[in-house]
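Participant: Sequence and predicted structure below; questions after.
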Amino acid sequence: MDYKPSTNSSWVWKRIFKVKEDMVAGYINGKWNVQPDGYTPAGCYDWFKVNRPRVHWYKAVWNGWVIPKHQFLGWLIAHEALNTTSKLAGFGVDIEDKCCLCGLSEETTEHLFCDCVYSKRVITEVNKQARWDYHVRDVLRWSVQRTGTMLQRGVQSAMMMSILYQIWHQRNKCKNENALLRPEYVAKHVIEKMRSRVRGRDRSQMTIAEMDWLKRMRLVE
């Protein structure tokens, strides 16, 4: 308990020592007094971590149905950390801040996913092909309105995140390659990704009602 790292110790070793110093507060008379049953790694972790309320968007982003790279994009959007041209211009980058998908307005996150004419057409096509009723306005808050079973809520989240990812992907293609897919093809790609996601699941765990729901959305044959 009295050990001190030397000045030339590595950063990692100093961080480990810092954790040890923080843990000292949990010991009284040589005994761990944080949990009644004594020290456990899980109990120590719970003691260290900061208890913060869950954000409203976490179920839409962090669930097993959503593709990991789509999760990361959703996380960036939720934290307003997406590098739109409007944000980059605000940082002083010499760049055209118009939306390259429609050219009608400044490229903000809200415009790109909610107001852009191209994005609206993509969403309309997804709704048409999947027989869905998806509204992109206030995207991540929409997640609290998901309904149905755990499977249905997961599929809705995955579909939502896939749409966002494909819009952002097309935005990057437009800006970097001056190329853009027609909205109906983007929507078809979204549906195919979801069909592949569903095919990878154990159908024996799905109820008849859930299978009927997936068939109505054209995600299974």
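Facilitator: Now that the structure is in, tell me what you want to look at. Keep in mind that what you see is a predicted model, and the values were worked out from it rather than measured.
Participant: Residue 78 - nearest residue in space that isn't next to it in sequence?
Facilitator: With CB to CB, 6 or more residues apart in numbering as the criterion, residue 78 has its nearest non-adjacent residue at 4.8 Å, and that residue is residue 57. For the C-beta atoms, the positions are set from N, CA and C on the backbone; glycine is no exception.
Participant: Hmm, residue 60 is touching residue 159, no?
Facilitator: No: with the criterion set as CB atoms under 8 Å, residue 60 and residue 159 do not qualify as a contacting pair; they are 10.5 Å apart.
Participant: Point out the other helices and strands that the longest helix belonging to the chain packs with.
Facilitator: As far as residue count goes, and with DSSP state H defining each element, the longest helix of the chain is helix 150-177. If contacts are counted by 3 or more CB pairs under 8 Å, 6 or more residues apart in numbering; DSSP states H and E, helix 150-177 sits against helix 58-61, helix 68-78, helix 117-130, helix 183-199, helix 208-216.
Participant: Give me the mean pLDDT for the second one.
Facilitator: Read it as helix 68-78. Mean per-residue pLDDT for helix 68-78: 92.
Participant: buried ones in that helix?
Facilitator: Along helix 68-78, the positions that meet the burial threshold by neighbour count (16 or more other CB atoms under 10 Å) are 70-71, 73-78.
Participant: Likewise for the longest one?
Facilitator: Of the residues in helix 183-199, those buried by neighbour count under the rule 16+ other CB under 10 Å are 183, 186-187, 189-191, 193-195, 197-198.
Participant: again, but for the first one
Facilitator: Neighbour-count burial for helix 58-61, with 16+ other CB under 10 Å as criterion, is recorded at 60-61.
Participant: Show the average pLDDT along that helix.
Facilitator: When pLDDT is averaged over helix 58-61, the result is 83.
Participant: And for the longest one?
Facilitator: Mean pLDDT, helix 183-199: 93.
Participant: Show me what it is in contact with.
Facilitator: With contact meaning CB atoms under 8 Å, 6 or more residues apart in numbering, helix 183-199 is reached by 65, 67, 118, 121-122, 124-126, 128-130, 155, 158-159, 162-163, 166-167, 170, 181, 214, 218-220.
Participant: Buried subset of these, written for ChimeraX?
Facilitator: Only the buried members of these enter the following ChimeraX selection, criterion being 16+ other CB under 10 Å:
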select :65,67,118,121,122,125,126,130,155,158,159,162,163,166,167,170,181,214,219,220
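Participant: Report back the residue of this protein that's furthest from centre.
Facilitator: For the chain, the C-alpha farthest from the mean C-alpha position belongs to residue 29; by CA atoms, centre = their mean, that distance is 45.5 Å.
Participant: do you know how far it is from residue 37?
Facilitator: With distances taken as CB to CB, to the nearest Å, residue 29 is found 17 Å from residue 37.
Participant: what does residue 107 give?
Facilitator: Shown here: residue 107 relative to residue 37, a distance of 55 Å by CB to CB.
Participant: Point out where this protein drops to low pLDDT.
Facilitator: Of all residues in the chain, those with pLDDT under 70 make up the ranges 50-52, 135-146.
Participant: domains of it?
Facilitator: The chain breaks down into these structural domains: 11-48, 58-216 (assignment by automatic domain parsing).
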